[in-house]
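**Q** Please work out how this folds:
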Amino acid sequence: MEWVRLKARLLEAGSVRVSGEPIDRYVSRSAAGPSAGTTGSLFFSVGDRRVRVGIDEASLIEFVHRGEGAADLSIDGDTIRGRFEPVALHCPRQAYITVSGTCVFHCRYCPVPGLPGRRKEVDEIARMVEDVVDRVDAISITSGVAASIEEEEAYVCKVVAALLPFGLPIGVSIYPGPETPARLHALGVAEVKFNLEAATEALFADMCPGLSWEAVREALSSSVALFGRGRVYSNILVGLGETDEDLERVMEELAGAGVIPVLRPLTPAGSLAGRSRPSADRLLSLCGTHARVLRRAGLDPRRALTMCAACTGCDLAPGRDL
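**A** Next up is the predicted model:
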């Protein structure tokens, strides 16, 4: 099976069951986003391409772990040989850390506000990075909003300052205030990701009450002037009720401004737990559109140093998968 089609099929399914040898060292668990609080996930790679899938013993798709990471994937009558990748922190080759695993906002697709999350101490985060620094290429920081947008930004800036001595590129993805891009840039952050989440402002208002779509857009725009074209990213969820035309429009607007959009298939969670994941056919079609939009804008996500665009496990990534 062609890789891009295989990955689209796995993203559509969302989860797999696993048999064979123990997989503990390959399991990743999330403290933020729609996968928070789940049983964990695995990163499966074939060559230099990877996909992240959840673990669910009821899945019709099976991995057989043959030991030492070697794994056989059985899907739709095909068997594909590949490997489980060891996870550093949250994903392979990155120390990807959630600072505050709690949030005062209640985005409809996110389970975090209902989970007993906590904020990590600055020294604790530095120790986490120190423990994996010999097997990572980057540090990525994300966070909920524990008290307020302004207070979270100030705390994350303290975290970044403590991590600078490691000498690795640092990416940051938080909900931005007006001065967030300038403050992160002044600290020496390499890349930022401020998530529009929804393809339209109306959808954002429905999904993320109390937050501002326009504020995120303004932060993205000001970030390009500071960090450069192709060093600013924004997740757009696929499956909130938008049309493909909505997605193409927002991708063109972002890419035209120098922002790399990351199309993230919806993981049904929170109050959207009953929704379906986007189909493989839709993801494949959108990936083609995504690739054309980026090419016209002269943006290459393969240059990403940090965060989701460097990992590519959760999304179809132009340049890597297609």
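
**Q** so Arg50 sits right up against Glu85, yeah?
**A** Yes - assessed by Cβ atoms under 8 Å, Arg50 is found in contact with Glu85 at 6.4 Å. Where you see a C-beta, it was placed from the backbone N, CA and C, and this is true even at glycine.

**Q** so what's in contact with these two at the same time?
**A** 43-44, 92 (Cβ atoms under 8 Å, 6 or more residues apart in numbering).

**Q** so which of those residues comes closest to Cys314?
**A** Among the shared contacts of Arg50 and Glu85, Phe43 lies closest to Cys314 (Cβ to Cβ), at 9.8 Å.

**Q** and the closest one, what does it touch?
**A** Taking Cβ under 8 Å, 6+ apart as the test, what Phe43 contacts is 26, 28, 50-52, 84-85, 87, 91-92, 313.

**Q** so which strand or helix has it?
**A** Per DSSP states H and E: Phe43 is located in strand 41-46.

**Q** buried ones in that strand?
**A** 41-45 (16 or more other Cβ atoms under 10 Å).

**Q** More neighbours: which of Arg50 and Glu85?
**A** A count of neighbours by other Cβ atoms under 10 Å puts Arg50 above the other of Arg50 and Glu85, at 24 against 19.

**Q** ok, what's across the strand from the more buried one?
**A** According to DSSP bridges, the partner residues bridging Arg50 are Ser45.

**Q** Roughly how far does it sit from Thr312?
**A** Shown here: Arg50 relative to Thr312, a distance of 6 Å by Cβ to Cβ, to the nearest Å.

**Q** Could you do Arg108 as well?
**A** In terms of Cβ to Cβ, Arg108 sits 26 Å off from Thr312.

**Q** Pick out whichever of the two has more residues nearby.
**A** The neighbour count for Arg108 versus Thr312, taken as other Cβ under 10 Å, is higher for Thr312 (25 against 15).

**Q** what's that one in contact with, if anything?
**A** With contact set as Cβ under 8 Å, 6+ apart, Thr312 has these partners: 49-50, 320-321.

**Q** same thing but 6 Å
**A** By Cβ atoms under 6 Å, 6 or more residues apart in numbering, Thr312 lies in contact with Arg320.

**Q** The one 10 residues further on too?
**A** Residues near Leu322 by Cβ under 6 Å, 6+ apart: 4, 287, 291.

**Q** which residues in the stretch 201-322 of the chain form helices?
**A** Along the stretch 201-322 of the chain, counting by DSSP state H, counting those that start in this stretch, helices occupy 201-207, 213-227, 244-256, 280-297, 307-311.

**Q** In a markdown table: these, plus distance to Ile139, mean neighbour count and mean pLDDT.
**A** Listed next are those as a markdown table, based on distance: least, Cβ to Cβ, whole Å; neighbours: other Cβ atoms under 10 Å; pLDDT from 0 to 100:
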| stretch | distance to Ile139 | mean neighbour count | mean pLDDT |
| --- | --- | --- | --- |
| helix 201-207 | 28 | 17 | 98 |
| helix 213-227 | 16 | 18 | 98 |
| helix 244-256 | 24 | 18 | 98 |
| helix 280-297 | 25 | 18 | 98 |
| helix 307-311 | 10 | 25 | 97 |
